[in-house]
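Asker: below is the sequence, then the predicted model.
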Amino acid sequence: MILVIPVGMFIVFRQISTQKGIRVELMETKAEMDGTMVELLGGIETIRTLDSAQAEGGRIEARSEQLRKKEMRHHRAMAFYDCLKFVNEAVFSVLVIGISVVLASQRVITVGTVLTAYLCFTQLTGPLRELHRILDEFSECIVLADDYFRMVELPLDFSYQPQASGPAGRLEGNGIEVCCADFSYPEKPEEKILQGITLSIRPGAFIGIAGPSGCGKSTLIKMLDKLEQAQGEIRLGGVELSRLSRQELAENVALVPQTPFLVADTVYNNICYGMKRQVSAEEVRDAARKANIAADIEKLPGGYAFVLSEGGTNLSGGQRQRIALARVFLRKPKILILDEATSALDNTSEKYIQSEIEKMKEACGTTVISIAHRLTTLQNCDEIIVIDKGRIVQRGAFQELAATPGIFRDMALGIIK
Ligand SMILES: Nc1ncnc2c1ncn2[C@@H]1O[C@H](COP(=O)(O)OP(=O)(O)OP(=O)(O)O)[C@@H](O)[C@H]1O
Ligand SMILES: [Mg+2]
C-alpha cells in the first residue's frame, strides 16, 4: 500500500523536471508575441502604406505555429504523466485487492480485513492526488517566481542610483560645466559617440546645438540630464551631476525630447504630467496659451477633458509637440533642454513659442539649450555649438558661424558633402 507513494512521487518529480523548461519557453514566447503585436499596431499606418500586412501576417503565423507546437508538446507530456499517475494507482489497487484476496483464501487474513485493506488504500490515494496537484502548482509558481527574481536582480537604472560618496547635492545655480566627457553606448563600447566634450555654459545663456544627423546631439543632452552615463566631469549649477538625485533633476531640468511622450489620458493630465505640486486650472490654461495650443484644445470635444489615444495619435504631430512644450511653461525649470522640440511647427507658431520661452528666460533666468536642424530656430542664440562625429568642431554666434567656412555654413547654405 505504502509503495504507491514513492512511485507516485517519482512520476510527479519527473513531470516537474521535464516540464519546467518548456513552461519558461512558453511564457517567453507569449511575451514576445505580445510585444510584436503592440509593435505592429503602433506601425499600422506604415504597414498599410507599404502593404506589408501579408508579410507581417505570415511572420505572426509562423510564430503562432511554433507556439502551438510547443503548447501541444507540453499538453501531451502532461496528459502522459497524468495517465502514469492513474496507472500507478490502478496497479496498486489491483495488487492490494489481489494480495489480500489470496491471503484471505489461505485464511491468513479474514474477508473483513480485505475490505479494510481496500478502504485504507482508497484513503491513501485521495491525499496523494491532492499532493500531486499541489506539487504541480508549486512548480508553476517557481517558474513565475524565478522570473520575478530575475527582474528584481536587474541593476538599478543608473539615473536613480544613489551617489556612492558624499551627500546628495541641491541644484542652486544653473550654469553647466562639462570637462573632457566621452561617451559610448554599452552595446558598442569601442565606438565613441562623443569625444573630448568640454563646455562651459553661463547661467541664463541661450545655447544652440547644431550638426549633421547622427553626430551625437541628442546623446549630449541625455548625458547632461543624467539619462546616459558619460566618462568625464559634468557639473550643473556647480554640483557634480552624480550627486544630483533624479528628483532634484526632475524639479529643475526640463527636457523636451525629439518624439514627445504623451499618455492615454486627458489633455489636462498630459499637460500636468509629472508635476509634483498642485497646479490650478488657470496655470494649465496659461501654459497651454504660451505653448500656442490653447485654441486647438478649446476646439476638441470636451476641451481639456478630451482623452488622447495611446501616444496621442488622435492629435497632429505639431499639437503633440505643443502639449509637450506646455509642460515646460508649467514647470518653469532652471535649465531647459529642447531637442528638435519645435521641428513639426509652422514658422509662426515656432516664433510665438520662442518669444514665450525668451520671456520665461528673462523672468526666471532659465538656461536654455536648443537642438535644431532648422537653423533659423537658432538665430537668437547667444552661442551655437556645432558637433560633427561626436566632437565640437565650431562654436560662436549665428552670424559669425554663417560667415566662416565650415560645417555650419555648409548646413546653412544646404551644401551636401
Ligand atoms: N540607444 C542607442 N544605442 C546605440 N546607439 C545609439 C543609441 N542611440 C543613438 N545611437 C547612435 O549614436 C549616434 C548619435 O545618436 P544621436 O541620437 O545622439 O544623434 P543626433 O545627432 O541626435 O541625430 P539626429 O539629428 O538625427 O537626431 C548615432 O550613430 C546613433 O546610431
Ligand atoms: Mg537627435
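Answerer: That came in fine, so what should we check first? Ligands and ions are numbered 1, 2, ... in the order given.

Asker: find the closest residue to ligand 1 in the stretch 251-400 of the chain.
Answerer: The stretch 251-400 of the chain approaches ligand 1 most closely through Gln258 (5.8 Å), counting by C-beta to the nearest ligand atom. All C-beta atoms are positioned from the backbone trio N, CA, C, and that covers glycine.

Asker: hang on, that residue packs against Ser218?
Answerer: Yes. Between Gln258 and Ser218 there is a contact under C-beta atoms under 8 Å: 6.3 Å.

Asker: the more surrounded of these two?
Answerer: A count of neighbours by other C-beta atoms under 10 Å puts Ser218 above the other of Gln258 and Ser218, at 19 against 14.

Asker: residues contacting the more buried one?
Answerer: The contact partners of Ser218, taken as C-beta atoms under 8 Å, 6 or more residues apart in numbering, are Pro257, Gln258, Asp339, Ile371.

Asker: and the residues you listed as CSV, adding secondary structure?
Answerer: Formatted as CSV, the contacts of Ser218 follow (DSSP: H, G, I helix; E, B strand; the rest coil):
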residue, secondary structure
Pro257, coil
Gln258, coil
Asp339, strand
Ile371, strand
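
Asker: can you list residues touching both of Gln258 and Ser218?
Answerer: Both Gln258 and Ser218 are contacted by Asp339, under the criterion C-beta under 8 Å, 6+ apart.

Asker: any weak-confidence spans in the chain?
Answerer: Within the chain, the segments meeting pLDDT under 70 span 163-166, 416-417.

Asker: quick one, domains of it?
Answerer: 4-152, 176-413 (automatic domain parsing).

Asker: now these as JSON lines including distance to Gly169?
Answerer: What follows is these, written out as JSON lines (distance: least, C-beta to C-beta, whole Å):
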{"stretch": "domain 4-152", "distance to Gly169": "29"}
{"stretch": "domain 176-413", "distance to Gly169": "4"}
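
Asker: mind checking which of these is nearest Phe158?
Answerer: domain 176-413 (5.0 Å; C-beta to C-beta).

Asker: quick check: Val12 is in a helix.
Answerer: Yes. Assessed by three-state DSSP, Val12 belongs to a helix.

Asker: show the contacting residues for the nearest residue to Glu340 once chain neighbours are set aside.
Answerer: Spatial nearest neighbour of Glu340, excluding adjacent residues (C-beta to C-beta, 6 or more residues apart in numbering): Gln258 at 4.8 Å. By C-beta under 8 Å, 6+ apart, the contact list for Gln258 reads Ser218, Asp339, Glu340, Ser343.

Asker: strands of this structure, start to end?
Answerer: Ranges of strands in the chain, per DSSP state E, are 176-183, 194-201, 206-210, 231-236, 239-240, 253-256, 335-339, 367-371, 383-388, 391-396.

Asker: number of residues surrounding Leu325?
Answerer: Leu325: 28 surrounding residues under other C-beta under 10 Å.

Asker: and it, what does it touch?
Answerer: Leu325 makes contact with Val256, Ala291, Ile293, Ala341, Thr342, Ile353 under the criterion C-beta under 8 Å, 6+ apart.

Asker: distance to Gly58 and neighbour count added to those residues, as CSV?
Answerer: Putting the contacts of Leu325 into CSV (distance: C-beta to C-beta, whole Å; neighbours: other C-beta atoms under 10 Å) gives the following:
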residue, distance to Gly58, neighbour count
Val256, 39, 20
Ala291, 44, 27
Ile293, 42, 25
Ala341, 39, 26
Thr342, 41, 24
Ile353, 45, 24
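
Asker: from what I can see Ala117 touches Ser93, true?
Answerer: No. Ala117 is beyond contact range of Ser93, at 10.6 Å (criterion: C-beta under 8 Å).

Asker: what does the stretch 51-200 of the chain have sitting close to ligand 1?
Answerer: The stretch 51-200 of the chain comes close to ligand 1 at residues Tyr185, Glu187, Ile193, as judged by C-beta under 6 Å from any ligand atom.

Asker: now do the contacts for the first one.
Answerer: Right, the one you point to is Tyr185. By C-beta under 8 Å, 6+ apart, the contact set of Tyr185 is Glu191, Ile193, Glu228.
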